[in-house]
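Novice: got a predicted model here, sequence first, then my questions.
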Amino acid sequence: MLTSAAVLGATVATMFAGHIAPAQAQSGYYGAIAASVKSGVYGYATDYGSYADAEAGAMAACRRGGGGGGCDVKVSYRNGCGAIAISRGWWSYGSASTIGGAKREALNRNPGNASIKHWNCTSGYQL
């Protein structure tokens, strides 16, 4: 025979079981930037469900923009931002959880007097 404490315990456990996410579950948005330096073309993708999907989207956008076979994924990120910095003869890339961080990283990786050419962020990460 079940005691009222056992029934109450089983009821409470059942109530919370549907509200606990598995440890391996992760949520987020992914983004990527692909570029063809030779063609001077880039493409980007934001708010995809995986790195692979974001990178494929960025490659497709770069190719559609005229980069063709010269397109390569340059940076990809999860729940954050990516940026391209360009100076004479140099393209550099950065990513971070904020747009300021992504821009700083792209500029710091460029040996020239670079300026930001493009930036984009996944939803909720533009600050």
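Specialist: Structure's in. What do you need?
Novice: report the contact partners of the nearest residue to residue 126 once chain neighbours are set aside.
Specialist: In space, residue 126 comes closest to residue 99 once its chain neighbours are excluded; the distance is 5.4 Å by Cβ to Cβ, 6 or more residues apart in numbering. For the C-beta atoms, the positions are set from N, CA and C on the backbone; glycine is no exception. Residues near residue 99 by Cβ atoms under 8 Å, 6 or more residues apart in numbering: 81, 83, 119, 121, 125-127.
Novice: got it, and residue 42?
Specialist: 33-36, 62, 65, 67, 74, 84, 117-118.
Novice: and those residues, which are buried?
Specialist: 33-36, 62, 65, 67, 74, 84, 117-118 (16 or more other Cβ atoms under 10 Å).
Novice: okay, and which of those map to strands?
Specialist: Taking DSSP state E as the definition of strands, those contribute 33-36, 74, 84, 117-118.
Novice: looking at it, residue 51 is touching residue 78, isn't it?
Specialist: Yes - at 7.2 Å, residue 51 counts as touching residue 78 under the criterion of Cβ atoms under 8 Å.
Novice: for residue 27, see how far away residue 80 is.
Specialist: For residue 80, the distance to residue 27 equals 14 Å [Cβ to Cβ, to the nearest Å].
Novice: neighbour-wise, which of those two wins?
Specialist: residue 80 (22 against 7; other Cβ atoms under 10 Å).
Novice: quick one, phi psi at the spatially closest residue to that one that is not a sequence neighbour?
Specialist: Nearest residue to residue 80 in three dimensions, chain neighbours excluded: residue 97, at 4.5 Å (Cβ to Cβ, 6+ apart). Here is the backbone geometry of residue 97 (degrees, to the nearest 10): phi -80, psi -10.
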